[in-house]
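K.L.:
Need the 3D shape of this:
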Amino acid sequence: MKNLQCKIHFLQTLIFLGVLFSTSAFAQESRKPNIDQIKQKWLDMAYAATSLSQKLDVYLPEGNGPFPVILSIHGGAFKGGDKRDGQLTPMLEGLKRGYAVVSINYRLSPEAIFPAQIFDVKAAVRWIRANAKQYKFIEVFA
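P.N.:
Model (predicted):
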């Protein structure tokens with residue numbers, strides 16, 4: 001039962017994708033979040049080796065974990081946007097509630113045709129699962 005609850009909790013948090021459709025990714029550029037105050041962070045880490053675009057940032061809340069994960073995937077119609085643009089700001093609010101935040105970049109449409117972007121997201125999820133222990137993420141489906 002506990003394993004099932006963990007799986008459900010993991011799915012509720014990991015599948016919460018930070019794709020915001022209300023505003024353009026380009027409009028978000030001017031409102032980049034201030035990540036300087038976040039103590040535990042790892043930036044521009046490769047989750048795959050196909051492209052230099054396949055990088056992610058990890059932000060951990062204070063505490064010892066394990067932490068559920070919010071996976072932030074920027075919007076931009078697959079042709080623009082960035083993992084650290086203004087769309088990340090509401091996702092980082094999760095840090096105050098004990099959530100880790102993983103924000104990813106993926107290959108945009110000028111570099112790779114659809115469904116490469118979906119494959120990149122899946123690769124990032126695999127990276128999260130494979131590195132759960134190191135970054136104190138809740139380990140589920142390992």
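K.L.:
now the helices: where do they sit in the protein?
P.N.:
Along the chain, counting by DSSP state H, helices occupy 2-14, 25-28, 89-92, 116-130, 132-135.
K.L.:
The ones you listed: lowest mean pLDDT?
P.N.:
Of all these, helix 25-28 carries the lowest average pLDDT, namely a mean of 46.
K.L.:
my read: residue 103 touches residue 91, true?
P.N.:
Yes: taking contacts as CB atoms under 8 Å, residue 103 lies within contact range of residue 91: 6.8 Å. Quick note: C-beta positions are derived from backbone N, CA and C, even for glycine.
K.L.:
Looking at the two, which one has more neighbours?
P.N.:
In this comparison of residue 103 against residue 91, neighbours counted by other CB atoms under 10 Å, the higher total goes to residue 103 at 27 against 23.
K.L.:
where's the more buried one relative to residue 113, distance?
P.N.:
Distance from residue 103 to residue 113, counting by CB to CB, to the nearest Å: 23 Å.
K.L.:
and stretch 56-70, which residues are buried?
P.N.:
Applying a neighbour-count criterion of 16 or more other CB atoms under 10 Å, the buried positions in stretch 56-70 are 56-61, 65-70.
K.L.:
would you turn these into JSON lines with pLDDT and distance to residue 131?
P.N.:
Converted to JSON lines, the buried residues of stretch 56-70 look like this (pLDDT from 0 to 100; distance: CB to CB, whole Å):
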{"residue": "56", "pLDDT": "98", "distance to residue 131": "10"}
{"residue": "57", "pLDDT": "97", "distance to residue 131": "13"}
{"residue": "58", "pLDDT": "98", "distance to residue 131": "8"}
{"residue": "59", "pLDDT": "97", "distance to residue 131": "14"}
{"residue": "60", "pLDDT": "97", "distance to residue 131": "12"}
{"residue": "61", "pLDDT": "97", "distance to residue 131": "17"}
{"residue": "65", "pLDDT": "85", "distance to residue 131": "13"}
{"residue": "66", "pLDDT": "94", "distance to residue 131": "12"}
{"residue": "67", "pLDDT": "96", "distance to residue 131": "13"}
{"residue": "68", "pLDDT": "96", "distance to residue 131": "15"}
{"residue": "69", "pLDDT": "96", "distance to residue 131": "11"}
{"residue": "70", "pLDDT": "95", "distance to residue 131": "16"}
